[in-house]
Every structure is written in structure tokens, then in C-alpha cells.
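# the sequence and its predicted three-dimensional model are supplied below.
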Amino acid sequence: MNGKRLKYKGFRMQKLAILVIPLLLFFGVEMVVAEVPSDIQQAYDSKNYDDAIQKIEQALKRDKRNEQLYYILGLSYLGKHDTTSAMEAIDNAVRFDSKFHNARYLLGKLYLETGKLDKARNAFEDGLDKAKDKKDKALFEDGLGLYYLQSGDTTRADIEVRKAQIDDPDNMTYIMHQGDIAFAQGIYSVALNAYKKALASDSLNPEVHFRIAKSYLNQRQFREALSSIERALELDSSYLEGYIIGGDIYTLYGVQQADNPEAQQSLMSNAIFYYTKYLEMSGDSGRANYYRGKAYFTFNDFEKALADFETALEQGYEKEDIFSLIGRSYSGLKQYNKAIEFLDQYEKSILQADPNYEWTASDVSLFLERAKAKAGIGDSASRLEARQDFEKAIELDSTDAMSYYWAGLNEYYLKAYERAVDYLKKHLELYPENLSAYINIAYAYLALQDWNNALLYLNEVIERDSTFVDTYKLKANVFFQKEEYDSAIVYYKKWKEMEPELCEPDRWIGLIYLIKNDADPQSCIRHLKQYQNCLRAKGENVCSDNDVNVWIMKAYQMANDANNAFEWAGKCLKCDPANEECQKAREELEFEIDL
């Protein structure tokens, strides 16, 4: 039987929720701090953070209460993505100078990033109490806006950020945070306008390009999103979150290009690159592994996909469909028992979450993939279990073409040929372009010895695509079984013409010349010898098909060539000394050969 890969509905689709991730750490915060030795500033500016940290720690031994040193120490740790050490350093900066407003503002945002909301609120409120200048007040009003935003209160967030804008109308950070609030509300066009306004005053800030990219992504404007994220990473190649969002953009864009395999492959390759870069830089796993695994899965690179999915699961990243993806990866690797184990676990996880859950059309792939895995085991008991899952898939969605297709193949191998035909015909109603389905119907009719219908479906394939090779092979087989040998020879020769490197067509042509009423022993011998020469050229042992030696012997007998018949009887016995037919022929031929 022949199969053709066809798109079909995937496991329960997951809506990609792209949240406002790690808050701005640097936008609007003075980076070049005063009273810092030039060698430290130079190391920091060149992003040589380890060197900067080492120099700062040496300087702090001489000046233990220098808030500026602690501040740049915190910024250096942030450059290394070490938030814990950064918070400790920034906290010291605030402790040694309670009016160091930028440091307190940054500390509050670090508390937000690490989920310490109460501490963040206290930091911003304390800063607001201490601030005298309007611009300093604006910092902490903005901070409170970010606190309310992360707490889910977008109304209060909007109020606080607007206060900051009034107190410091020239600071584009607050305009951008207004965009963050609109983004959180799902009003992406408003968010984009705010970000673009901020960009107009600071076109070199990667954070702004990053936010623009996320907004375009959520509006499914993938080209624009890619342009923005690539610009962000061009400005700052160490910008960690840029890589994971870049991976998301390429992934979703690739999913959209399912009908363009070449474009999809290119996009998914880029997605893998971005996720890999993120993993290398962060040392983190989970989300990035999950989505990189999905990109590998698109390439049918099931081994790498499986490794990523299992890593994500080990790290506690339990997306709803991760068990199904692991199961499907095992199925792709033909480890069907493991596939069934994880697909069963996927089903169990759904029912545990909701014991009264009612299966819908979105669940088709659970039953379809598990059915295919059971069918892949191959024994009759497993195929009977597969039948139940195929039936459930069809019950849930009678419009899913692939459910009928794979169910039809399963019925064929269960030798339920009429059921196979019924399923495959329903498949063709939904997907008439699948030539393999016509071929498989012909196989089923051939098994039923319904020659006319077998030929009907084969002729349909030839009419649709005259280059579909299997059609000629199968059509020759139909005529062979009908004992219409001349027609069989025509199609075996057509098959050979289309695949000249194959050996098999000559075997069947040679046999037909031996068994048809107007036998042609010389043509038989010629084709069978061509078949054996072909096997030798491929490095195969002709004894693996000893029947051919028997047929050649018989053809020589039919041609009254006792000497050659005797020789080929010997070749037959060399391959199989116990072959009774060749033993008998050799004994008889001993009296006929020329000694």
C-alpha cells in the first residue's frame, strides 16, 4: 500500500499568548554614571561585564559606601542576566544614598521582574515620598503604573503612567509604557502608535524595536515583526529576550506558510537558530526547548524534537499538548509503544483536568495519531484497537480527510477490503487530489479480485498524472491476475521504462513469456537473465530468488535446449540442493545432453 503525506488538523491548537515580558530595565535610566573610574566605565560600555565586575569589587574595597559603584555593579550583573546579584548591588546603592532615585526606580522594576510585587510597590511609594523634583516624581509614578500593570489593573496603571507623562512630558519611556498598557489590553494598534512615538525620539533603543516587533506579531504582521526584531538585535546582539521572540515570529510565520514547503523550511530553520541562541545565552530551558522542538517537529526531525520536548517537560514547562507532541515524536521514530504511552497520558491529563470533558473536533488528532501508532505495531490485535480510535476520530469530525485515509489503510491490512474501499472513497470525496488513495482502492479491489473496478481507479490516476509510476506496476499486476498476459507485458515494460534502474519488471515479463499460451522461451530467457544481471550489479545474490533459475531451466527445456537446461538445473541446485523440481529435471536431462 502507498501513503501520501497530507496536512490535517493538529492537536488541540494552543493560542500563543505573548505577554509583556521582562520589564524595561534601562530605558530612561542614566547609564553613564558619575564618579566611576574610567576603566570601569570603559569595561562596562564594551560589555566586558566580568572585567567590569572585577574592577568594581576592587574599587569597593577602597570605597565601601560608594553608591555609584554599587549601581554600575548592578547594571553589570544585569548584563550577565544575573538578576539576584544585580538586586543585591542596586539595593546597596539605595541604602547608601536614599535619594538615588534612578537606583530605587530600577530596584523596584527588578522586584517586579522577580514577582516581588509588594516590595516593588513599597520601593516606588518610598521614592515618590522622597522625590521633590517633578521629573523624579515621574519616575516613581511610572513605576507604580508598571506595578499596577503587572498586577492586572490596567486602569490604575494608565492613571499612574499618565501622571508621569504630565510631570515629565519629554520622557518617551512613559509614552512607551502607555503602549505596554494598551498591549496588555490587546489594543495592539494603539500600542504600536505609542511605541513608534517613542522610537521617533530614540531610534537606537533596542527595547522599542522589541516592543514594536511584539505588537506586529500579535497582529500577525510577520514581515514587519521580523524587520523590527532583527533591528533590535542589530542594535544589541546580547538582548536575550529578542531571540526568544524572534524564534516565536519565525515559528508562527512558518506555520502560516504550510502550503509553501520551501519558505516554511527556511522560516523554521531561522526559528531554530533563534531559540538555540537564546538557550546558549541564558542557560535556561523550558519554553525555548518546547518551541524549538515544534520547529524540529515540522522538519520531521523527531529525534531532536523529542529531546527538546522531554527537556521542556523535565524543566516543568507543561504545555497542554506536550504529551501529545512527545507521543507523536515517538511515533515518527517508529517507537509505537512509547507513542501510545504518551498519547494515553495526554488523554488522561485532559480528563483529569475536567472529568466531564466532552471530546470535540479539535481533539481528532489525539485519536488519529494514537490509531496510527497502534496500526504501526502491525499485529491484528493492535490494528483492531486502532480501528476504534479511527472510528472515534471520524465520529468527532466527519470532514477530516486523513482520518478516512488512514482508517482505510488499516482496514486493508486487516483484510477487510470492502471497509477499506468505503473509507478511501470517503477520503477522496474530501481530497480528490490524493492519487495514493486511488492506488490503494485499486489494491483493495485487486484483493477482492474485482478487476474492472481496480482498472477503473488506476485509469483515473493515469488521467490525472501519467507519471505516477506505481499505477503501471499495479495495472500490470491486474492484467497478470486476469491472465491477460499481453496487456500485462505492455504495462510491465512501461514500468521499466519509467524506472529503468529497477530489476523487478524483467522478472515478471520473463515469467509471462514462459507461462502464456503462445510462450516465447527466448524472450523469457532474455528478460530473466537481464533481471539476474541487474541483481548482480546491485550487489545482490541471485540465489535469493532461486525461482528464476527454475524458470530459465524450464524455458531452455521448452526450447529443446537440453544442455543449457541441464546447466541451469545445476545452478538451481547450487542455490538450493534440496530443490526437488531441479533434482528431477537434472536426472531426466542427463540422458539428453551432449557429453
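Cool, the structure landed.
# roughly how far is stretch 433-445 from the heart of the chain?
Computed by CA atoms, centre = their mean, to the nearest Å, the chain-centroid distance of stretch 433-445 equals 29 Å.
# ok, residues contacting that stretch?
With CB atoms under 8 Å, 6 or more residues apart in numbering as the test, stretch 433-445 has contacts from 1-4, 6, 401, 405, 408-409, 412, 417-418, 420-421, 424-425, 427-428, 431, 451, 453-455, 457-458, 460-461, 464-465, 468, 470-471, 474, 478. (Each C-beta comes from the backbone N, C-alpha and C, glycine too.)
# apply 7 Å and report the result again.
Contact with stretch 433-445 is made by 1-4, 6, 405, 408-409, 412, 417, 420-421, 424-425, 427-428, 453-454, 457-458, 460-461, 464-465, 468, 470-471, 474, as judged by CB atoms under 7 Å, 6 or more residues apart in numbering.
# before we move on, what about stretch 311-318?
For stretch 311-318, contacts defined as CB under 7 Å, 6+ apart pick out 285-287, 289-290, 293, 322.
# can you rerun that using 6 Å?
Outside stretch 311-318, the residues within contact range by CB atoms under 6 Å, 6 or more residues apart in numbering are 285-287, 289-290, 322.
# repeat that for stretch 107-127.
Residues from elsewhere that reach stretch 107-127 (CB under 6 Å, 6+ apart): 22-23, 87, 90-91, 94, 104, 140, 143-144, 146-147, 150.
# per-residue confidence at residue 200?
As predicted, residue 200 sits at a pLDDT of 92.
# so how far is residue 427 from residue 385?
Remark: distance between residue 385 and residue 427 (CB to CB, to the nearest Å) = 21 Å.
# the two - which one has more neighbours?
When neighbours are counted by other CB atoms under 10 Å, residue 385 and residue 427 differ, and residue 427 comes out ahead with 26 against 17.
# list the residues that contact the more buried one.
If a contact means CB under 6 Å, 6+ apart, then residue 427 has 401, 404-405, 437 as its contacts.
# could you turn the buried ones of the contacts of stretch 311-318 into a PyMOL selection?
In PyMOL syntax, the buried subset of the contacts of stretch 311-318 is picked out as below (16 or more other CB atoms under 10 Å):
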select buried, resi 285+286+287+289+290+322
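# least confident of the contacts of stretch 311-318?
The minimum pLDDT among the contacts of stretch 311-318 falls on residue 285, with 75.
# neighbours of the closest residue to it other than its chain neighbours, just the number please.
Spatially, and ignoring its direct neighbours in sequence, residue 285 is nearest to residue 315 (4.8 Å; CB to CB, 6 or more residues apart in numbering). Neighbour count for residue 315, taken as other CB under 10 Å: 15.
# one step back: buried members of the contacts of stretch 107-127 into ChimeraX, please.
A single ChimeraX command selects the buried members of the contacts of stretch 107-127 (16+ other CB under 10 Å):
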select :23,87,90,91,94,104,140,143,144,146,147,150
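# sort out for me which of the contacts of stretch 107-127 are in helices.
Judged by DSSP state H, helices contain the following of the contacts of stretch 107-127: 87, 90-91, 94, 104, 140, 143-144, 146-147, 150.
# what residues are up against residue 292?
Contacts of residue 292 (CB under 6 Å, 6+ apart): 272, 275, 308.
# please, which helix or strand holds the residue lying closest to it once chain neighbours are set aside?
Spatially, and ignoring its direct neighbours in sequence, residue 292 is nearest to residue 275 (3.7 Å; CB to CB, 6+ apart). Assigned by DSSP states H and E, residue 275 belongs to helix 261-282.
# how distant is that helix from the center of its chain?
With CA atoms, centre = their mean as the basis, helix 261-282 stands 11 Å off its chain's centre.
# hmm, who's touching it?
Counting by CB under 6 Å, 6+ apart, 240, 243-244, 246-247, 250-251, 253-254, 257, 288, 291-292, 295, 298 sit against helix 261-282.
# and those, which two are the farthest apart?
Largest separation among the contacts of helix 261-282 by CB to CB: 240 and 257, giving 26.9 Å.
# picking that back up, ranking the contacts of residue 427 by neighbours, who comes first?
Neighbour counts for those (other CB under 10 Å) peak at residue 437, which has 29 neighbours.
# in which helix or strand would I find it?
Per DSSP H and E: helix 435-447 holds residue 437.
# count the neighbours of the closest residue to residue 142 other than its chain neighbours for me.
With sequence-adjacent residues excluded and distances taken as CB to CB, 6+ apart, residue 142 is closest to residue 164, at 4.0 Å. Each residue near residue 164 was counted by other CB under 10 Å, and the total is 27.
# buried sites along the host helix or strand of residue 164?
Using DSSP H and E, residue 164 falls within helix 154-167. Across helix 154-167, burial judged by 16+ other CB under 10 Å covers 154, 157-158, 160-165, 167.
# pLDDT weak spots in the protein?
Residues of the chain that meet the criterion pLDDT under 70 lie in 1-35, 594-595.
# just the strands in it please.
Taking DSSP state E as the criterion, the chain carries no strands.
# circling back to that earlier point, from the contacts of stretch 107-127, pick the one nearest residue 181.
Nearest to residue 181 among these: residue 146, at 9.4 Å, using CB to CB.
# distance of that closest one from residue 153?
Taking CB to CB as the measure, residue 146 falls 11 Å from residue 153.
# excluding chain neighbours, what is closest to residue 371?
Residue 371 sits nearest to residue 389 (CB to CB, 6+ apart), 3.5 Å away.
# now that neighbour: how far from residue 304?
Counting by CB to CB - residue 389 and residue 304 are separated by 27 Å.
# those two - which one has more neighbours?
Legend: neighbour count by other CB under 10 Å for residue 389 and residue 304, higher for residue 389 (25 against 16).
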